[in-house]
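Trainee: here is a sequence with its predicted model. Questions after.
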Number of protein chains: 2
Amino acid sequence: MPGPPWSHQRLRNRGFRLTLPRQAVLNIFNQNPRHLTAEEVFFLVHRNYPGIGLATVYRTLNLLTQMRLIHKFNFGDGRNRYELASKFKKKYHHLVCVQCGKIIDYDSPTEKEADSIKEIEKELVNKYKFKINSYQIHFYGICKDCQNKQGGE
Amino acid sequence: MPGPPWSHQRLRNRGFRLTLPRQAVLNIFNQNPRHLTAEEVFFLVHRNYPGIGLATVYRTLNLLTQMRLIHKFNFGDGRNRYELASKFKKKYHHLVCVQCGKIIDYDSPTEKEADSIKEIEKELVNKYKFKINSYQIHFYGICKDCQNKQGGE
DNA sequence: ATAATAATGAAAATCATTATCAATATAATT
DNA sequence: AATTATATTGATAATGATTTTCATTATTAT
Ligand SMILES: [Mn+2]
Ligand SMILES: [Mn+2]
Ligand SMILES: [Zn+2]
Ligand SMILES: [Zn+2]
């Protein structure tokens, strides 16, 4: 376990404290690459720290989102999902199966795509004077499994 | 006013009726290019048809979404937003100001972008056997107005 | 130590959305 | 036209996710 990491500094620099609940939540994300709901985070945290309450989990998720240590997604199923922000990866592409709700990461954009996005960003700056912080692409469709199950008719 | 339009047929073909509330909601979208929340739709409908209830608006929004006559978006502010589906336009790109919440349409993708997306789709089909129905791109950042207001520090 | 401030947990409150259910409207059948 | 079956509606209650409240506890500054 390394000393005060990345996240520690980012919080402290803005006057927040890296408390036990906050560390616990961050640990969950470090161990878990998935797109966790608040409730899922709560349960996972709860295994090691039964004392930590759901409200604190929500508060922590909001804080970490503001600090950009995690990213918040909504895939249209009525609950938000969170994922650790990578220092390196800046692209958040997801395939969402509209049948079973499965979410697949697609984090390997081609050169061509990266170029294309940069181009769009340029256009947005020029046209709308809009300063882009981040972007998400959601692809909606039918996953492999669901195609096999229902492809009949 | 033309006869039974596009939307009429699409509903009837699947056994649904094009009732007054449903027409009223569709009219709102035809007159209003924005990204309306359910409540906004309700208020706008209410001006002409005070009898139509909020529950029916929600039901209608869900139905029209399933029929793909409108599209549903969630920009992370806790409520869903809806927009008329165009027969032609198949791209739904939005700029979301994380400061003021403003949503700007960006519906003029370049050739290059279109190509790039097609390429990605191909990759997704190959790699994940995922069949894509639609996609959305959300750009998050700071709009022109908010840059001017807060750009100082 | 002491005082000031931030963070927490439990519970209540809020907000958007959905489900229930009796009443009404529409379509199909006689 | 009358009758039956089916779909839709409005009002209201219920739900589920998230936020707020508030008294208590932990952390930091003095
Ligand atoms: Mn992901
Ligand atoms: Mn739009
Ligand atoms: Zn699936
Ligand atoms: Zn703005």
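Mentor: It's in. Ligands and ions are numbered 1, 2, ... in the order given.
Trainee: next to chain B, which bits of chain A? Give me the list.
Mentor: Chain A comes close to chain B at residues A:72, A:74, A:76, A:80, A:95, A:97-98, A:104, A:106, A:109-110, A:112-113, A:115-116, A:119-121, A:123-124, A:128-144, A:147, as judged by C-beta under 8 Å from any C-beta of the partner chain. All C-beta spots, glycine's among them, are computed from the backbone N, C-alpha and C.
Trainee: any idea how chain A splits into domains?
Mentor: Listed by automatic domain parsing, the domain ranges of chain A are A:1-87, A:89-153.
Trainee: any regions of chain A where pLDDT drops low?
Mentor: Applying pLDDT under 70 to chain A flags residues A:1-5, A:88-90, A:108-109, A:150-153.
Trainee: for the helix or strand hosting A:Gln136, name the packing helices and strands.
Mentor: Using DSSP states H and E, A:Gln136 maps to strand A:131-142. Using 3 or more C-beta pairs under 8 Å, 6 or more residues apart in numbering or on different chains; DSSP states H and E as the contact test, the elements touching strand A:131-142 are strand A:92-97, helix A:111-128, strand B:131-142.
Trainee: let's see that with 10 Å instead.
Mentor: strand A:70-74, strand A:92-97, helix A:111-128, helix A:144-150, strand B:92-97, helix B:111-128, strand B:131-142, helix B:144-150 (3 or more C-beta pairs under 10 Å, 6 or more residues apart in numbering or on different chains; DSSP states H and E).
Trainee: buried stuff in it?
Mentor: Buried residues in strand A:131-142, counted by 16 or more other C-beta atoms under 10 Å in any protein chain shown: A:Lys131, A:Ile132, A:Tyr135, A:Gln136, A:Ile137, A:His138, A:Phe139, A:Tyr140, A:Gly141, A:Ile142.
Trainee: wait, the fourth one touches B:Tyr140, no?
Mentor: It stands for A:Gln136. Yes - A:Gln136 is within contact range of B:Tyr140, at 7.8 Å (criterion: C-beta atoms under 10 Å).
Trainee: list the residues that contact both of those two?
Mentor: With contacts taken as C-beta atoms under 10 Å, 6 or more residues apart in numbering or on different chains, A:Gln136 and B:Tyr140 have B:Gly76, B:Val96 as neighbours in common.
Trainee: what is the burial count for A:Pro50?
Mentor: By the criterion of other C-beta atoms under 10 Å in any protein chain shown, A:Pro50 has 8 neighbours.
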